[in-house]
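> here's my sequence, what's the structure:
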Amino acid sequence: METGTDAGADVGLDGKVRRSARAGRSWLRATVILFPILCLAMALVHVFLLFLHVAPANTVSKRYSPLINAWVYPLFEQNWRLFAPDPESVNRQILVRTAHTGSDGSTRVSSWFDLTAVDTAAVEHQPFPSHTAQNMLRRAWAGYVDSHGGDDTAHTERARMMRTYLSNIAADRVAAHTGGPFEFIQLRVVTLPIAASGSAAAADDDRSRTPVENRRLPWWKVSGHAQ
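Below is the predicted model:
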């Protein structure tokens, strides 16, 4: 037989459980209502910032240029090449090598690793190749050249950002494929002309393989790859 104290304790416990259940349902309803609103708000902000990026320069875009660039680059860059394509006239081969300083103070430099060949292998014979394999490395290099030109010294915040973006891509990929610790990387970009179609191209095949540029970038220090 239950005493009055035990019955009161059960009633109090049931009340707490019901209140907790009601609070949980309230939070769930609030989440269900607020999540689509937050997604819609983020989508509107995203579209608005992209609009300011591609629109002609105006008072708003000039005033908030750092914020717009921080949001757009390097993942959401927009241009008009979808409607007016500018086909490539050269092929670029991007290679990377690493350097590791041992405990005895000696430095070991690896051989060159072809990042472009890895992307090409991932695209060939693939009915649905990934955007990463097709464009990430290529667009990172294009962004680096646009922000640096022929000078490998970063003079602007965007140039420093693109240098970091390119070095992170190269470091992550070489670490995934070769393994081993390293603290520095160096990139080399070999530019080869694309031969014209026709019999003349076959006759000039050897000449078409001659690099028009062989650019070697400085050594960059990277983090997170030393063991």
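
> can you count the residues close to Ser130?
12 (other C-beta atoms under 10 Å). C-betas here are computed from N, CA, C, even on glycine.

> how about the helices in this protein?
Using DSSP state H, the helices of the chain run over residues 4-54, 59-63, 65-72, 115-123, 131, 137-148, 157-178, 199-203, 205-208.

> which residues touch Gln187?
One thing to correct before we go on: residue 187 is Leu, not Gln. Neighbouring residues of Leu187 by C-beta atoms under 8 Å, 6 or more residues apart in numbering: Ile94, Leu95, Val96, Leu166, Ser167, Ala170, Arg216, Leu217.

> which of the residues you listed sits closest to Glu183?
Of all the contacts of Leu187, Ser167 has the smallest distance to Glu183: 12.1 Å, by C-beta to C-beta.

> distance of the residue nearest to that closest one when sequence neighbours are not counted relative to Ala154?
Nearest residue to Ser167, sequence neighbours excluded (C-beta to C-beta, 6 or more residues apart in numbering): Trp220, at 4.8 Å. Going from Trp220 to Ala154 by C-beta to C-beta, to the nearest Å gives 11 Å.

> check contacts around Asp152.
Residues in contact with Asp152 (C-beta under 8 Å, 6+ apart) are Leu217, Pro218.

> ok, Tyr73 touching Gly143?
Yes: under the criterion of C-beta atoms under 8 Å, Tyr73 makes contact with Gly143 at 7.2 Å.

> surely Ala140 meets Tyr165?
Yes: here Ala140 reaches Tyr165: they are 5.6 Å apart, a contact under C-beta under 8 Å.

> next, count neighbours for Trp167.
For residue 167 the amino acid is Ser, not Trp. For Ser167, the neighbour count with other C-beta under 10 Å is 21.

> pull the helix or strand with minimum mean pLDDT from the protein.
Counting by mean pLDDT, DSSP states H and E, the chain has its least confident helix or strand at helix 199-203, which shows a mean of 51.

> any weak-confidence spans in this protein?
Within the chain, the stretches with pLDDT under 70 are 1-21, 23-24, 74, 78-88, 196-209, 224-227.

> let's see 80
Within the chain, the stretches with pLDDT under 80 are 1-32, 73-89, 131, 179, 194-212, 224-227.

> out of the helices of the chain, flag the one nearest Gly105.
Among the helices of the chain, helix 157-178 sits nearest to Gly105 (C-beta to C-beta), with 22.6 Å.

> on contacts alone, who are the packing partners of that closest one?
helix 65-72, strand 90-101, strand 113-114, helix 115-123, helix 137-148, strand 184-193 (3 or more C-beta pairs under 8 Å, 6 or more residues apart in numbering; DSSP states H and E).

> in TSV, list the ones you listed along with distance to Pro56.
Converted to TSV, the helices and strands packed on helix 157-178 look like this (distance: least, C-beta to C-beta, whole Å):
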stretch	distance to Pro56
helix 65-72	13
strand 90-101	31
strand 113-114	41
helix 115-123	35
helix 137-148	19
strand 184-193	33
